[in-house]
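K.L.:
Provided below for reference: sequence and predicted model.
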Amino acid sequence: MRHWTSAFMLCLGAASAYAQGVPGTNLVVDTRVAAVSNRADTVQVGYVLWNRPDSREPLFTFTVDAPGGVLSVPSPQPPAHWRTSTSYRGRPVAKWTVLADELSPGARSPELYFAAVGLPGIVSSWIRGYVPPAPLTSADTNPLAGPSDPLVENSIRTTTVGVVPRPADTTSAGLTARLRFLADRSCSTLRWITSQGVCNSLRVRLDRVAASVAADRREAAAGELRAFVQELEAQHGPRPGKHVGDHAYWLLRVNAEYLLGRL
């Protein structure tokens, strides 16, 4: 079993980032959003990480920003191989640290999940690789000094689905506008949806939802929203032929279902 110290890099299933050189960033990790559920006021998000075979470092920590705070971060199995945390230097996060060696290059994690109050949203996440400390020698007279902030200096920052506080505007119109914004980000900057045709179709459906809500035609709005979810379902799955990745699917589906419940 490995003991503590630091270092790490990441590639997000649909959104990729590559880095090399700085200790802790010499790995490529695919992060899959395995599931998102919303019960009452609590959202649970689960991830599965794959440390690719061409990585040069074992996976050490996975940290997800949680701006509204975290209710729980259960320890994966076996618990002796993991440490979880709900904060990092006073910042609310969901954090998993691997204490054993099972996430070496080529290995996959069990499902890592956390629960928080809010709605699914787009958040930052960080991955760090493990680098053993340099051995002490008789010439060493001062204690080893770690980096000032490993999350910044020895980690790869990327974007994933997490939990954010509910918006101030929770009217049907406000939630529809928020869902349209999330769909736009999934299509444009994040590329979590890879077909422009699918993006245009989803946007048209949401525009119809907005028009029906503005006209107080709630049944029509609900029908368009169900069609929106059905299109997500039809376009979600392993490529080729499918264009909605796991990140976009869970982000948009759960928020659409929340809006549907409000209608």
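P.N.:
Structure received.
K.L.:
any idea how far residue 104 is from residue 154?
P.N.:
18 Å (Cβ to Cβ, to the nearest Å). For glycine as for every other residue, the C-beta is placed from the backbone atoms N, C-alpha and C.
K.L.:
so between these two, which is more surrounded?
P.N.:
residue 154 (23 against 16; other Cβ atoms under 10 Å).
K.L.:
domain ranges for the chain?
P.N.:
11-164, 172-262 (automatic domain parsing).
K.L.:
can you add mean pLDDT and give the ones you listed back as JSON lines?
P.N.:
What follows is the domains of the chain, written out as JSON lines (pLDDT from 0 to 100):
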{"stretch": "domain 11-164", "mean pLDDT": "88"}
{"stretch": "domain 172-262", "mean pLDDT": "96"}
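K.L.:
got the buried residues for the helix or strand hosting residue 255?
P.N.:
Applying DSSP states H and E as the criterion places residue 255 in helix 246-262. Counting neighbours by 16 or more other Cβ atoms under 10 Å, one finds that the buried residues in helix 246-262 are 246-256, 258-260.
K.L.:
what does stretch 46-57 give?
P.N.:
46-51, 55, 57.
K.L.:
which residues touch that stretch?
P.N.:
Here stretch 46-57 makes contact (Cβ atoms under 8 Å, 6 or more residues apart in numbering) with 7-9, 11, 20, 24, 26-36, 58-59, 62, 64, 103-113, 127, 129-131, 160.
K.L.:
with only the CA atoms kept, save it in CSV.
P.N.:
Extracted as CSV, the C-alpha positions of stretch 46-57 are listed here (Å, rounded to 0.1, in the frame of the first residue of the first chain):
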residue,chain,number,x,y,z
GLY,A,46,-21.3,9.2,-9.9
TYR,A,47,-18.0,9.0,-11.9
VAL,A,48,-15.8,6.2,-13.3
LEU,A,49,-12.2,7.0,-14.1
TRP,A,50,-9.9,5.1,-16.5
ASN,A,51,-6.2,5.8,-16.2
ARG,A,52,-5.1,5.1,-19.7
PRO,A,53,-2.3,2.6,-20.4
ASP,A,54,0.0,5.3,-21.9
SER,A,55,-0.1,7.3,-18.6
ARG,A,56,3.3,7.6,-16.8
GLU,A,57,1.8,8.0,-13.3
